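Participant: structure for the following, please:
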Amino acid sequence: MTVSFEALVFLIVLALAFDFMNGFHDAANSIATIVSTGAMRPHWAILWAAFFNFIAFLFFGLQVAATVGKGIVIPAIVDHHVVFGALIGAITWNVITWYYGIPSSSSHALIGGLAGAAVAKGGVHTLIASGFLKTAAAIVLSPALGFIFAAALMIMVSWIWSRSTPRRVDRWFNKLQFVSAAFYSLGHGSNDAQKTMGIIWMLLIAASVTGSQDPLPLWVVLSCQAAMGLGTMFGGWRIVKTMGMRITKLKPVSGFCASASGAATLFIATGFGVPVSTTHTITGAIVGVGSVQKFSAVRWGVAGSIVWAWVLTIPCSAFVAAVAWWFAHHYL
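Facilitator: Below is the predicted model:
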């Protein structure tokens, strides 16, 4: 692919803008539980999450970046128009869902955008079935695992602390929430930032700046982690209210169980190189702890509207990406 230096820099900046928005859009995932229970003030919680988002690359490999960069669409089909379309599709969907306070998946918006732009250029055969289907399966599996882990942990904790007073339980789990929120932010930073790394990696390979067998440059890793950390610092307060207050009422113990279970799910997914949605994961975990307390404690109408956003994310971002690819192909 022949692309000017200016175009390459523009697309890398656009990718980092998406990464910033990912952190901004998904800040609620990291802090909703600890803020809604009152364990930490919102702005301190944002800084706490941003720090652990940034240092996540020190603890995990780059399997997710490899999946996005080489395992979703055929690398030969990728050019600067495809990357532009993918990023515009993902950013547009993120802005729409942020505006309406809907906790949709930035991850699946990016995957949908990438698929839409690639299919617009070369047809359905440009998709790599194994990688795309693995990501699609995670739409169901990540919230299901979050739900199961959170419900099981909630039952176990309730049994262990059954003879303790509510005040003592709240005091202990207020402190433990610091740990669970830190682990969740590590999981968020490890999985989500790697998706943007994968897009930039794909772009660099397509532009022949680096070879397909070469390692991911360190500057890409650091810039993506920094962009996500900065985005998290600004926070998406509209979505915090939906995640932490509207789905179910959280207490310190349920907030801890939700965050810890979500973190465990993200660690597993990142270890297997699966780009999952942190939004889906923590939503499943929050519904899980709410269901254990009392089935009616979950506002199923709110949960249902979130599920509809999940269903629409990939096709909507793919459509916008296809239109953006067509525009770029003809006019840029």
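Participant: for the rest of this, base every contact and every neighbour count on C-alpha atoms.
Facilitator: Fine.
Participant: just how off-centre is the helix or strand encompassing Lys195 within its chain?
Facilitator: Lys195 is part of helix 166-206, with elements assigned from DSSP states H and E. Mean-position distance between helix 166-206 and its chain equals 9 Å (Cα atoms, centre = their mean, to the nearest Å).
Participant: so what does that helix touch, helix or strand wise?
Facilitator: In terms of contacts (3 or more Cα pairs under 8 Å, 6 or more residues apart in numbering; DSSP states H and E), helix 166-206 is packed against helix 5-25, helix 27-36, helix 42-54, helix 63-70, helix 80-99, helix 106-122, helix 218-234, helix 252-271.
Participant: nearest to Ile205, out of those helices?
Facilitator: Shortest separation from Ile205 across these is recorded for helix 63-70, at 9.1 Å, computed as Cα to Cα.
Participant: got the buried residues for stretch 202-215?
Facilitator: Along stretch 202-215, the positions that meet the burial threshold by neighbour count (16 or more other Cα atoms under 10 Å) are 202-207, 210, 212.
Participant: my bad, stretch 55-71
Facilitator: For stretch 55-71, burial by neighbour count (16+ other Cα under 10 Å) applies to 55-57, 60-71.
Participant: mean pLDDT and distance to Cys316 for the helices and strands packed on helix 166-206 - can I get that in TSV?
Facilitator: Supplementary listing: the helices and strands packed on helix 166-206 in TSV, determined by pLDDT from 0 to 100; distance: least, Cα to Cα, whole Å:
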stretch	mean pLDDT	distance to Cys316
helix 5-25	89	17
helix 27-36	71	22
helix 42-54	82	28
helix 63-70	82	19
helix 80-99	91	7
helix 106-122	91	8
helix 218-234	87	23
helix 252-271	90	25
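Participant: dump those into a markdown table; add distance to Phe178 as well.
Facilitator: Formatted as a markdown table, these follow (distance: least, Cα to Cα, whole Å):
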| stretch | distance to Phe178 |
| --- | --- |
| helix 5-25 | 19 |
| helix 27-36 | 8 |
| helix 42-54 | 9 |
| helix 63-70 | 26 |
| helix 80-99 | 26 |
| helix 106-122 | 25 |
| helix 218-234 | 17 |
| helix 252-271 | 8 |
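Participant: return the residues in contact with Phe20.
Facilitator: If a contact means Cα atoms under 8 Å, 6 or more residues apart in numbering, then Phe20 has 227-232 as its contacts.
Participant: how about low-confidence regions in the stretch 101-250 of the chain?
Facilitator: Where the stretch 101-250 of the chain drops to pLDDT under 70, the residues are 103, 235-249.
Participant: try it again at 50.
Facilitator: 244-245, 247 (pLDDT under 50).
Participant: what's the spacing between the closest residue to Trp98 other than its chain neighbours and Tyr184?
Facilitator: Counting by Cα to Cα, 6 or more residues apart in numbering, Trp98 lies nearest to His25, which is 6.4 Å off, once chain neighbours are set aside. His25 sits at a distance of 15 Å from Tyr184 (criterion: Cα to Cα, to the nearest Å).
Participant: which of the two has more residues huddled nearby?
Facilitator: More neighbours sit around His25 than around the other of His25 and Tyr184, counting by other Cα atoms under 10 Å; the figures are 33 against 29.
Participant: okay but that one is in contact with Asn94, surely?
Facilitator: Yes - here His25 reaches Asn94: they are 7.1 Å apart, a contact under Cα atoms under 8 Å.
Participant: need the overlap of contacts for those two.
Facilitator: Here His25 and Asn94 share the contacting residues Ser106, scored by Cα under 8 Å, 6+ apart.
Participant: Ser36 touches Phe256, doesn't it?
Facilitator: No - at 11.5 Å, Ser36 and Phe256 do not qualify as touching, with contact defined as Cα under 8 Å.
Participant: which of these two has more neighbours?
Facilitator: When Ser36 and Phe256 are compared on other Cα under 10 Å, the one with more neighbours turns out to be Phe256, at 28 against 21.
Participant: mind listing what the more buried one touches?
Facilitator: By Cα under 8 Å, 6+ apart, the contact set of Phe256 is 33-34, 173, 176-177, 180-181.
Participant: what of Gly187?
Facilitator: Gly187 makes contacts with 53, 56, 263, 266-267, 270, as judged by Cα under 8 Å, 6+ apart.
Participant: now do 6 Å
Facilitator: Shown here is Gly187, whose contacts under the criterion Cα atoms under 6 Å, 6 or more residues apart in numbering are 263, 266-267.
Participant: so can I have TSV of these showing distance to Ala115?
Facilitator: Formatted as TSV, the entries for the contacts of Gly187 read as follows, by distance: Cα to Cα, whole Å:
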residue	distance to Ala115
Ala263	27
Leu266	23
Phe267	25
